[in-house]
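# Turn this into a structure:
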Amino acid sequence: MRRKRKVKILATLGPTSNKVETIRELFRAGADIFRINMSHASHDEMRRLVKLIRQVETEERRPIGILVDLQGPKLRIGEFAEGAVELQAGAHFTLDSNPEPGDVSRVHLPHRDVMEALHPGDRVLLDDGRVSLKVLTNEADHAVTEVITGKRLSNRKGVSLPDTTLHTSSLTPKDRRDLEAAVGESIDWIAMSFIQRPDDISEVRKLSRGRAGVLAKIEKPQAVEQLDEIIDLADAIMVARGDLGVEIPVELVPGVQKRITRAGRAAGKPVVVATQMLESMVTAAAPTRAEVSDVATAVFEGADAVMLSAESASGEYPVEAVRMMNAIAEAVEREPYYPTIINAQRAEPLATGADAITAAARQIAETLSLSAIVCFTSSGSTSMRASRERPMLPIVTISPIPSTARRLSLAWGVHCVISEDVHNIDEMVDRACSIAHEEGFAVPGERLIITAGVPFATPGSTNLLRLAFVSPDGRTGV
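Below you'll find the model as predicted:
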């Protein structure tokens with residue numbers, strides 16, 4: 001199956017999409033990689049979904065990526081004696097370590113590390129920012145705050161700390177258990193939530209031991225402030241606009257999205273734009289015009305992937321949502337202005353052999369109007385660098401390693417094929433031409449450009465460029 005677009009679609013699985021028939025429909029509608037949200041999935045459910053996705057992968061004979069999203073630290077207040085209170089602006093409200101039910105003057109905050117990290121002047125946001133507090137004083141067991149914006153506040157609402165850096169790990173004990181369970185399965189990406197510092201990424205890397213790529217979700221202002229360092233350590237980045245829009249002024253989110261997208265592309269790391277992209281399709285069969293424009297903007301910006309959350313996990317129209325996102329992406333990429341916008345954002349290649357080769361491959365391919373760029377790769381790094389160049393022609397990746405092909409399902413413009421390793425240049429040329437022909441990227445008489453590393457099967461050794469003609473029978477190259 002060949003996609004008619006370069007941006008990838010990441011679809012979340014959930015109650016309305018956890019059957020093999022629906023997963024198959026979602027893939028055929030356009031989903032390239034599936035997300036399993038550990039905020040809601042048990043280990044048994046995660047394993048069951050992985051098995052179903054791999055079943056569809058076998059049936060469809062296409063590598064499919066799987067991303068497991070760790071919950072991260074979920075901060076919540078306790079409960080109220082009457083279930084809820086009405087807070088008034090200007091009133092004092094205490095967050096404390098007393099587990100007794102709260103009232104209009106206080107409530108339990110069962111997170112001692114938060115008490116220790118707060119400082120006078122820090123903001124505390126409750127219930128997705130609907131209630132805003134400012135810390136006046138704090139001790140080890142309580143913090144006195146002033147209500148800045150008042151509203152009805154009920155039991156167990158979430159807590160956000162936009163001005164406060166917690167000194168504990170972003171990995172909770174639950175996350176550690178979920179991580180170990182996930183990497184024991186054939187999953188491809190681990191997404192880490194609510195990271196605040198580069199050390200959080202290092203911790204996940206150490207625990208995963210290379211068994212999955214690490215995706216950093218940028219949803220806290222502390223992470224935005226250390227974006228470059230986090231990108232250096234992560235394998236991919238997500239613009240998690242839901243929580244990010246709570247912790248920073250919502251009008252700043254589009255600018256931060258653009259900054260993250262461009263920084264990720266410059267580093268050659270896939271960038272996913274997520275949250276509320278087609279939100280109305282949770283209950284409606286068609287999106288709003290504004291949502292269509294939102295998806296289109298992410299595609300125009302050169303994001304590697306766009307994500308569906310509740311739309312595909314618990315919505316009433318999961319397949320239609322994927323189909324709509326696919327249609328929007330295809331339409332954007334057909335726009336005459338699309339290549340101009342993408343090319344204007346291209347970063348200069350780094351001073352490495354791999355970047356020099358992939359940049360030259362793109363330039364030669366576009367100058368000579370070739371049919372495709374074919375990359376042979378073991379680790380996936382060659383294809384990631386080719387994707388960074390954002391060529392307007394297809395990138396066909398050939399790898400003998402299924403996990404590499406699956407991981408590349410997140411990379412812009414990359415079409416992956418799993419095939420046996422090659423042993424010499426003639427075999428490389430023949431394999432590239434036959435696969436490009438079989439997959440519908442070239443017809444007899446057309447030309448390709450091939451990148452590879454010699455000696456073959458040596459990760460990180462990209463050092464070869466080769467032009468090839470597809471033979472009249474489509475099975476060999478010359």
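# ok, Cys292 - contacts?
Small correction: residue 292 is Val, not Cys. Ile328 (CB atoms under 8 Å, 6 or more residues apart in numbering). Every C-beta, even on glycine, is put in place using the N, C-alpha and C of the backbone.
# nope, Ile418 is what I meant
Ile418 neighbours (CB under 8 Å, 6+ apart): Pro63, Ser399, Pro400, Ile401, Pro402, Ala405.
# Quick check: it vs Ile237, distance?
To Ile237, Ile418 is 26 Å away according to CB to CB, to the nearest Å.
# Repeat that for Glu316.
Distance of Glu316 to Ile237, given as CB to CB: 31 Å.
# Which one of these two is surrounded by more residues?
Ile237 (27 against 13; other CB atoms under 10 Å).
# just the strands in the stretch 151-300 of the chain please.
Using DSSP state E, counting those that start in this stretch, the strands of the stretch 151-300 of the chain run over 152-154, 159-160, 189-192, 213-218, 236-240, 271-274.
# Any idea which of those gets closest to Arg48?
Nearest to Arg48 among those is strand 189-192 (18.5 Å), distances taken as CB to CB.
# distance of the residue nearest the centre of the chain from Ile260?
Nearest to the mean C-alpha position of the chain, by CA atoms, centre = their mean, lies Val272 at 3.8 Å. Here the criterion is CB to CB. By it, Val272 lies 10 Å from Ile260.
# Now the common contact residues for the two.
What both Val272 and Ile260 touch, as defined by CB under 8 Å, 6+ apart, is the set Ile237, Val239.
# Could you list the domains of the chain?
8-72+170-337, 84-160, 353-469 (automatic domain parsing).
# got CSV for those, with mean pLDDT and distance to Arg2 too?
Shown next, in CSV, are these (pLDDT from 0 to 100; distance: least, CB to CB, whole Å):
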stretch, mean pLDDT, distance to Arg2
domain 8-72+170-337, 96, 9
domain 84-160, 94, 41
domain 353-469, 93, 5
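# For Leu136, give me its contacts.
Leu136 makes contact with His92, Pro120, Val144, Thr145, Glu146 under the criterion CB under 8 Å, 6+ apart.
# let's see 7 Å
The contact partners of Leu136, by CB atoms under 7 Å, 6 or more residues apart in numbering, come to Pro120, Val144, Thr145, Glu146.
# Type out the PyMOL command that picks the buried ones from those residues.
Here is the PyMOL command that selects only those of the contacts of Leu136 that count as buried (16 or more other CB atoms under 10 Å):
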select buried, resi 144+145
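# which ones among the contacts of Leu136 are found in strands?
Counted as lying in strands by DSSP state E, out of these, are Val144, Thr145, Glu146.
# Tell me if I'm right that Met38 and Leu67 touch.
No. The criterion here is CB atoms under 7 Å, and Met38 misses it with Leu67 at 10.7 Å.
# Now the common contact residues for those two.
By CB under 7 Å, 6+ apart, Met38 and Leu67 have no common neighbours.
# which of the two has more neighbours?
Using other CB under 10 Å, the more surrounded residue of Met38 and Leu67 is Leu67, with 28 against 24.
# Dump the strands of the stretch 151-300 of the chain to TSV, plus distance to Thr352.
What follows is these, written out as TSV (distance: least, CB to CB, whole Å):
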stretch	distance to Thr352
strand 152-154	53
strand 159-160	40
strand 189-192	24
strand 213-218	20
strand 236-240	20
strand 271-274	21
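# now for the ones you listed, which one comes closest to Arg47?
It is, among these and with distance given as CB to CB, strand 189-192, at 15.2 Å.
# Check what contacts that closest one and list those residues.
65, 67-70, 72, 170, 179, 182, 200-201, 204, 208, 212-217, 236, 238, 407, 410.
# Could you tell me which of those residues count as buried?
For the contacts of strand 189-192, a burial check counting by 16+ other CB under 10 Å picks out 65, 67-70, 72, 170, 179, 182, 200-201, 204, 208, 212-217, 236, 238, 407, 410.
# In stretch 299-319, which residues are buried?
299-315, 317-319.
# Identify those among the residues you listed that sit within strands.
Ala305, Val306, Met307, Leu308.
# any idea how far the first one is from Ala284?
Taking CB to CB as the criterion, Ala305 is separated from Ala284 by 23 Å.
# same thing with the second one?
Per CB to CB, Val306 is found 19 Å from Ala284.
# Please give the element, helix or strand, for the closest residue to Pro120 other than its chain neighbours.
Closest residue to Pro120 apart from its sequence neighbours, by CB to CB, 6 or more residues apart in numbering: Val135 at 5.4 Å. Assigned by DSSP states H and E, Val135 belongs to strand 131-138.
# now stretch 224-237: how far from the chain's centre is it?
Computed by CA atoms, centre = their mean, to the nearest Å, the chain-centroid distance of stretch 224-237 equals 13 Å.
# May I have it exported as CSV, CA atoms only?
Extracted C-alpha coordinates of stretch 224-237, given in CSV (Å, rounded to 0.1, in the frame of the first residue of the first chain):
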residue,chain,number,x,y,z
VAL,A,224,10.2,24.6,26.2
GLU,A,225,13.0,26.6,27.9
GLN,A,226,15.4,23.6,27.5
LEU,A,227,14.1,22.5,24.1
ASP,A,228,17.4,22.2,22.3
GLU,A,229,19.0,20.1,25.0
ILE,A,230,15.9,17.8,25.1
ILE,A,231,15.9,17.5,21.3
ASP,A,232,19.5,16.4,21.4
LEU,A,233,18.7,13.5,23.7
ALA,A,234,15.3,12.4,22.3
ASP,A,235,14.7,10.5,19.1
ALA,A,236,11.5,12.4,18.4
ILE,A,237,9.4,15.2,19.7
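# ok, and for that stretch, which residues are buried?
Val224, Gln226, Leu227, Ile230, Ile231, Leu233, Ala234, Asp235, Ala236, Ile237.
# residues touching the third one, list them.
Applying CB under 7 Å, 6+ apart, we find Leu227 in contact with Ile218, Ile260, Ala263.
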